[in-house]
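*Asks:* Next come a sequence and a model predicted from it.
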Amino acid sequence: MKTEPRCIVAPSVLSADFAHVADALGIIEETSSQWIHLDVMDGTFVPNITFGAKFIEDMRPLSSLIFDTHLMVDKPERHIQAFAQAGSDIITVHSEATTHLHRVIASIHDEGKQAGVSIVPSTPVSAIDLILEDVELVLIMCVNPGFGGQKFIPASMRKIAELAALRKKYNLDFRIAVDGGVNARNAGALVQAGVDVLVMGSAFFSSEDKRSLVAQVQGLDS
Ligand code: DX5
Ligand code: ZN
């Protein structure tokens, strides 16, 4: 029997009822999930608008899990300090959303936080090659960001394999996360391909037995 989870599970509160977010955080904490994924959308970089730093700050005392903030906002350099001070542990920005990616990553580190970079489905892994040694996390979007409940784009698997190969080649230790369309059916193949972090929104919140779901994808007996 395995006792160590083979991956990190990060339920996304995007699929929770925002009017009862405290309950959602409690539900996540009752499972063996290690992180909470926080999707910040600005209505410009992506078509949807979600929440800002105050919402995260208000959630912070309600959970002891790692706050994994995914900024789907244009020019994220304007907001790093606010999301750091709100209590994020990891801040991920999109390579497509800023010209000076290296500087933004450095500013996340200056705030004492872990830095992640994300790419949308149409962005190749080569676009972030030169930043790989500077980040703790690479978030591969497996759907077009903006909404939960979309279907996993199969070509994402190729990107994960390519990224895992680069990590090995350069002897780096960033984590690989996947976001969008992740569920109990594809989790095994994703981990097999080199994924360390599974973000799950709709699959988690629509599950009738969330504790078993998380244990199952972590490779643990429930
Ligand atoms: C989508 C967000 C995701 C979203 C995933 O743009 O970045 O984190 O919550 O939702 P599911 O798991 O339903 O695809
Ligand atoms: Zn996300």
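*Replies:* Everything's here; your move. Ligands and ions are numbered 1, 2, ... in the order given.

*Asks:* Contact residues of the chain facing ligand 2?
*Replies:* Within the chain, the positions near ligand 2 by Cβ under 5 Å from the ion are 39, 70, 179. Backbone N, C-alpha and C define where each C-beta goes, glycine included.

*Asks:* Now, these that are in strands?
*Replies:* 39, 70, 179 (DSSP state E).

*Asks:* Quickly name whichever of these is closest to residue 214.
*Replies:* The closest of those to residue 214 turns out to be residue 179 (Cβ to Cβ; 16.2 Å).

*Asks:* Please name the nearest non-neighbouring residue to the closest one.
*Replies:* residue 199 (4.0 Å; Cβ to Cβ, 6 or more residues apart in numbering).

*Asks:* related to what we said a few turns ago, can the residues of the chain next to ligand 2 go into CSV with extra columns for neighbour count, distance to residue 132 and pLDDT?
*Replies:* Putting the residues of the chain next to ligand 2 into CSV (neighbours: other Cβ atoms under 10 Å; distance: Cβ to Cβ, whole Å; pLDDT from 0 to 100) gives the following:
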residue, neighbour count, distance to residue 132, pLDDT
39, 24, 23, 98
70, 29, 18, 99
179, 25, 18, 98
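
*Asks:* interface residues of the chain facing ligand 1?
*Replies:* By Cβ under 6 Å from any ligand atom, the residues of the chain that approach ligand 1 are 12, 14-15, 37, 39, 70, 143, 145-146, 148-150, 179-182, 199-203.
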